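[1] Here is a sequence with its predicted model. Questions after.
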Amino acid sequence: MARPPLDGTILVTGASSGIGRALARLLAQRAETLVLVARRRDRLQALAEELRAARPALKVSVKCCDLADPAAATQLAEEVESELGTVDVLVNNAGLGDFELFEHARFEKLERMIQVNVLALTRLTHHFLPRMLLRARGGILNVSSGLGLTFLPGLAAYGATKHYVTAFSESLRLELHGTGVVVSQLCPGPIATEFLELSGNPTGRAVPSALELSAERCAELALKGFARGRALIVPGFLMKLVLGLGRLTPRFMLRIFYRWIGGYLRRRRQ
């Protein structure tokens, strides 16, 4: 089984907070060069200084860009290639969410989410993959979601973007079998990050603590699975159990079970 070259040049999108920041901290212990990508320059600079101080031999490059801009992914890829030559490992972590009844969602927000979750991820992968194949060496870690494996009312468009990431990752992995390039996907459940704050929470309820993982624990389990070349990484025993049962349950039963959630969200909205 191919293993990703975690001692080379690694690019992490969405590195300023949450899972991305936690992954960057772990990867900084092994990488030769780390490229940190996010919108918030102040957070990126602070993280870069922290990582350099912890390991002076590490080269850290900060790239501030908004991947919701259709041109940003192409500009980023070309700039990184011009400065560093190529990347050995691509971590497509940047993502946006939207938790709302679909007809009440702001289309501008949905459009930005699709651009980041789907198009930017695809563009960066399409740019860097041929260089990996030429060297028969590389790794791609795509951060999907538990919703890439199931569905839930209130998250129609967000879930759809993560279904794309899941199908894309699984299919691409099979295309690359035997090439020396490994593709893994991370499908976490609820993580203690800014997700609900930014995506909205029409239920007004907190995520059950039993289901929620810290970003640091999620990143630790993600990197462990990725380093081993795993195809699918679902962090946390309880989340593995919940998603496993969901995948075994007939869809008509899931529709019946989830119907009350749709009704609850609509009653709250009214």
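    Yep, it's here. Numbers count the residues shown, from 1 in each chain.
[2] taking the mean pLDDT, what do you get for the helix or strand containing A24?
    Using DSSP states H and E, A24 sits in helix 18-27. What helix 18-27 shows for mean pLDDT is 97.
[3] Check stretch 151-168 too.
    According to the model, stretch 151-168 has a mean pLDDT of 96.
[4] for that stretch, the distance to its chain's centre please.
    13 Å (CA atoms, centre = their mean, to the nearest Å).
[5] Kindly report the same for stretch 9-24.
    Distance of stretch 9-24 from the chain centroid (CA atoms, centre = their mean) equals 9 Å.
[6] can you map out the strands along this protein?
    9-13, 33-38, 59-64, 89-92, 138-143, 181-186, 191-192, 213-214, 232-233 (DSSP state E).
[7] how about the ones you listed, which one is nearest G263?
    With CB to CB, the closest approach to G263 among those belongs to strand 191-192: 27.1 Å. For the C-beta atoms, the positions are set from N, CA and C on the backbone; glycine is no exception.
[8] what about this protein, any weak spots by pLDDT?
    Flagging of the chain using pLDDT under 70 yields the residue ranges 193-211.
[9] That one: helices as residue ranges?
    Remark: helices assigned in the chain by DSSP state H are 18-27, 41-54, 72-84, 107-114, 121-135, 156-175, 195-199, 215-227, 237-248, 251-269.
[10] now A22, nearest residue through space, not along the chain?
    For A22, ignoring the flanking residues on the chain, the nearest one in space by CB to CB, 6 or more residues apart in numbering is A219 at 3.5 Å.
[11] State the distance from the one you found to E50.
    To E50, A219 is 15 Å away according to CB to CB, to the nearest Å.
[12] what's the burial count for P5?
    P5 is flanked by 21 other residues according to other CB atoms under 10 Å.
[13] doesn't A136 make contact with it?
    No - P5 lies out of contact with A136 (CB atoms under 8 Å); the separation is 10.7 Å.
[14] coming back round to it: and the residue nearest to A22, what does it touch?
    Neighbouring residues of A219 by CB atoms under 8 Å, 6 or more residues apart in numbering: 19, 22-23, 25-26.
[15] and the nearest residue to R43 once chain neighbours are set aside, how many neighbours does it have?
    Excluding its sequence neighbours, the residue lying closest to R43 (CB to CB, 6+ apart) is S16, at 3.9 Å. S16: 24 surrounding residues under other CB under 10 Å.
[16] State the distance from S16 to D98.
    20 Å.
[17] got it, and E78?
    30 Å.
[18] Neighbour count for those two, which is higher?
    D98 (21 against 11).
[19] need the contact list for L51.
    L51 makes contact with 24-25, 28, 34, 58, 60 under the criterion CB under 8 Å, 6+ apart.
[20] Find the one among the strands of the chain with the highest mean neighbour count.
    Highest mean neighbour count among the strands of the chain (mean count of other CB atoms under 10 Å): strand 89-92, with a mean of 28.
[21] L90: which of the helices of the chain is closest?
    Nearest to L90, of all the helices of the chain, is helix 121-135, at 5.3 Å by CB to CB.
[22] Which strands and helices lie in contact with that closest one?
    Packing contacts for helix 121-135, counted by 3 or more CB pairs under 8 Å, 6 or more residues apart in numbering; DSSP states H and E, involve strand 9-13, helix 72-84, strand 89-92, strand 138-143, helix 156-175, strand 181-186.
[23] what about the closest residue to C64 other than its chain neighbours, distance to A160?
    In space, and not counting its chain neighbours, C64 is closest to R41: 4.2 Å by CB to CB, 6+ apart. Noted for R41: a distance of 31 Å to A160, by CB to CB.
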